[in-house]
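A.B. asks: Got a sequence here, can you build the structure:
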Amino acid sequence: MADLNVPPRRPRDDRGWDGYQHPHPDGYRDLGATAPYAGGHPAPAPQPAPGPQWVGPNGFAPAGHAPGAGHPQPHPGYAQPAGGYPPPAGPGLPNLDDDSDDAPSRGRRRALATLGGAAVVAGGAAFALSPQLRGLFSDDVAAGDATGTVTTDGTQARPSGQQPSTVRTYTEQNESYMGSRAGAALKRNAPTGGRIFGSPAAAAAATEVTVKTVLAKDPIRHLASRTTFGPTPKVIADIKKLGIDNWLRQQLEPEKIAPTKAELKLAELPSLKLSPTQLRDQRDQLNERGVDPARETVDATIARQIWSDRQLFEVMVDFWNDFLHVAADFDGGETYRNSFDKDVIRKHALGSYPEMLVAANKHPALLLYLNQVDSRKDAINENLARENLELYSVGVDGGYTEKDVRQAAMLQTGRGVADGKYMFFGDRHYVGKVKILGFSHANNSNDPKVADKVIDSYIRYIALHPSTAKYVAQNLATRFVSDTPPKSIVDRLAKAYTTNKGQIRPVLATLFSSSEFWAAVGQKVRRPMEYLVATYRSLGVGPDATAGFEGDQRRTPFAQGLRQIQDKMRELGQYPMGKPTPDGYADVYLAWTSAGTMVDGWNEAGDLLGGWRKQFTYVKPEKLVAKPPTTAGAYVDALAQKLVHQKLSAKEKKLVLAVAGVSEGAKVDATFNGAIAAVARTILASPQHHLR
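C.D. replies: Below you'll find the model as predicted:
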């Protein structure tokens, strides 16, 4: 949609982020011209002046440039890759964009807008349907904007007093969005404090939910909503059967959970099993088959989000893909992004963050993405050194200075890529004493074994820094608790991180044993990707193809279907590993308040109810409820219980019934007198489905 509210690329002021990405169609490109030093063969480059030089977005700094002097201009932002073509809507269920201006159409749109727009209040907090939505679904004149940027607790010197497009980091984006009037309303409805209990079950039992929300104040539903990509009847049943503590214990040991049928079908994505060297060597053959490894990595992630039983693990993989972000669409992603996913993010997602950061800093994907392969002692590129501090560890307010960035950049010289693998080049390594944020070392050797260990020790140091503990805690609390998490839980998670030396499982155990988590029902809104995945899960879409579907000869139906989902996510503005810049997607609702995105999500729900993606199998809408009641009101109750795991309010139920044009006591058959798809889609437009 044209009005996606995806935060634009952040200006880099004096930090010189010169990693250009180029969204591309299926297929490879030769990395030779775009990845200097990859494979150990430097590409032609401007010659630097004698002595150490600093590399910024426009290449080498002019002669006489001193570290910290000047402010190179940022290069333009990157456009999101274009999406594919969605399938047509089902008969009798047109896309909302295509509605005519007749009264019944406006009535249906108003009903959907009223239900879906309720998500804007994040569960009933403080303000009404946004003017953008009112204008789209009615003839009313929009007046004012509930999400306008009006400073509530900040100044122009702080992110909450600035536009999201002007701030620098993932956390600052969140703070900026929450500095609006809408953000202030959300803050007033968020839990303000809490305490820790002996176990998650004990915390759930003892915590009273006092926030305003349309969601059922049911701890099992709440747990399923926050720790999965969408509750399903199976997830709810498993939690009830095992109990909260045992279910969480099982989820924290994903290696013991058997792969699902869909996960086994990932073997149909041929690039997943290939090493970077094999991907490079088989480039031409894969191209002929229409295989793009970077996009297949995204496809596989989407499949796991929808169908894996290791849901908490997949949620944490998504969290780290935003926190330690390497875009899939970059020059080199087709060769290295799958390995980064497997050997860095997935390997350590529930393990040690310091070890994850060490592994990332020695992986070709990150070294290429942030141009570390270009950095050598006589031409130092500071991109990775800066992002290690600003984005991946202590955070922009973590206490580092420009001098620290440049000292770190000098220390990290020598790391590069050769023959598709990590390589340390001793002759490119700067030798000399360094001091960075309290870490100091003589750094007096360019022997690869010695110098490499020094860099590793520095990476572990910043990964365990107190500011990193707070930064990780803040982002985890924002993901799992609320857009404005209480300071009490941030401090508690930071302490757990420090005490356990960066181990993630104990931090999550602390989070789920905290009353703030259980008190925050309805305080998170699904981002576009999460809404889409939750819809697939809610409707019970299966990974096998519909009977009779043949597809093409290049990819299996499963592979084709996953690519279509990815293309739809690209249209919505969010997909796994999708943001071109290294700050990851914002994780607060106000970053995603787009009427177009919301409508596009509803239309996708309509397509799924119509079974239009024949690469998958579907439960027919009239079969969603096993034994549907014969009266309209009771049927809506049963369908809501199936799709959103709770009943709707009387007002919401009335709106759903209005879509079908029947009264609560009217007699209906299993097809809701022909309106079952429209009724189900309306329930999927409700705040109960938008909230997590």
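A.B. asks: so T210 touches W518, yeah?
C.D. replies: No: T210 is beyond contact range of W518, at 11.3 Å (criterion: Cβ atoms under 8 Å). No exception for glycine: its C-beta is placed from N, CA and C like everyone else's.
A.B. asks: For these two, indicate the residue with more neighbours.
C.D. replies: Per other Cβ atoms under 10 Å, whichever of T210 and W518 has more neighbours is W518, with 27 against 12.
A.B. asks: so T213 makes contact with V521?
C.D. replies: Yes: contact criterion Cβ under 8 Å: T213 and V521 qualify, at 5.2 Å.
A.B. asks: between those two, which one's more packed in?
C.D. replies: Neighbours per residue, other Cβ under 10 Å: of T213 and V521, the larger number sits with V521, 27 against 22.
A.B. asks: Contacts only, for the more buried one.
C.D. replies: By Cβ atoms under 8 Å, 6 or more residues apart in numbering, the contact list for V521 reads G123, V209, V211, T213, L215, A216, K217, H222.
A.B. asks: out of those, who's nearest A632?
C.D. replies: A216 (21.9 Å; Cβ to Cβ).
A.B. asks: what's the pLDDT at that closest one?
C.D. replies: A216 carries a pLDDT value of 95.
A.B. asks: ok, how many other residues are close to it?
C.D. replies: 17.
A.B. asks: swap in Y461?
C.D. replies: Residues near Y461, counting by other Cβ under 10 Å, number 18.
A.B. asks: next one: Q553
C.D. replies: 8.
A.B. asks: That one in helix, strand or coil?
C.D. replies: Under DSSP: H, G, I helix; E, B strand; the rest coil, Q553 falls in the coil class.
A.B. asks: List the backbone torsions phi and psi for it.
C.D. replies: Per-residue torsions, Q553: phi -90, psi 0 (degrees, to the nearest 10).
A.B. asks: From S482, how far out is it?
C.D. replies: Per Cβ to Cβ, to the nearest Å, Q553 is found 49 Å from S482.
A.B. asks: cool, M529 as well?
C.D. replies: Here M529 is placed at a distance of 19 Å from S482 (Cβ to Cβ).
A.B. asks: buried set for stretch 234-249?
C.D. replies: By 16 or more other Cβ atoms under 10 Å, the buried positions in stretch 234-249 come out as V235, I236, D238, I239, I244, D245, W247, L248.
A.B. asks: Of the residues you listed, just say which sits nearest to L643.
C.D. replies: I236 (12.4 Å).
A.B. asks: Let me see the contact set for the closest one.
C.D. replies: Counting by Cβ under 8 Å, 6+ apart, I236 touches I220, R221, A224, H645.
A.B. asks: What backbone torsions are found at the second one?
C.D. replies: Dihedral angles of R221 (phi, psi; degrees, to the nearest 10) stand at phi -60, psi -40.
A.B. asks: hang on, isn't it packed against K647?
C.D. replies: No: under the criterion of Cβ under 8 Å, R221 is not in contact with K647, lying 11.9 Å apart.
A.B. asks: So for the two, which sits in the more crowded spot?
C.D. replies: Neighbours per residue (other Cβ under 10 Å) separate R221 from K647, with R221 holding more: 20 against 15.
A.B. asks: what about that one, distance to L511?
C.D. replies: 18 Å.
A.B. asks: Please apply the same query to T631.
C.D. replies: Per Cβ to Cβ, T631 is found 43 Å from L511.
A.B. asks: So for the two, which sits in the more crowded spot?
C.D. replies: More crowded of T631 and L511, by other Cβ under 10 Å: L511, with 24 against 16.
A.B. asks: Can you give me the end-to-end span of stretch 391-400?
C.D. replies: One end of stretch 391-400 sits 12 Å from the other (Cα to Cα, to the nearest Å).
A.B. asks: what's the burial count for T682?
C.D. replies: By the criterion of other Cβ under 10 Å, T682 has 27 neighbours.
A.B. asks: Confirm that it sits in a helix.
C.D. replies: Yes: using three-state DSSP, the secondary structure at T682 is a helix.
A.B. asks: Wait, it touches V659, no?
C.D. replies: Yes: at 4.8 Å, T682 and V659 qualify as touching, with contact defined as Cβ under 8 Å.
A.B. asks: separation between K241 and V235?
C.D. replies: Using Cβ to Cβ, we find K241 at a distance of 11 Å from V235.
A.B. asks: same check, this time on D331
C.D. replies: From D331 over to V235 the distance is 39 Å, taken as Cβ to Cβ.
A.B. asks: I'd guessed G665 sits against G633; true?
C.D. replies: Yes: shown here, G665 and G633 form a contact pair, counting by Cβ under 8 Å, at 6.6 Å.
A.B. asks: Neighbour count: these two, which is higher?
C.D. replies: Neighbours were counted for G665 and for G633 using other Cβ under 10 Å; G633 has more, 19 against 9.
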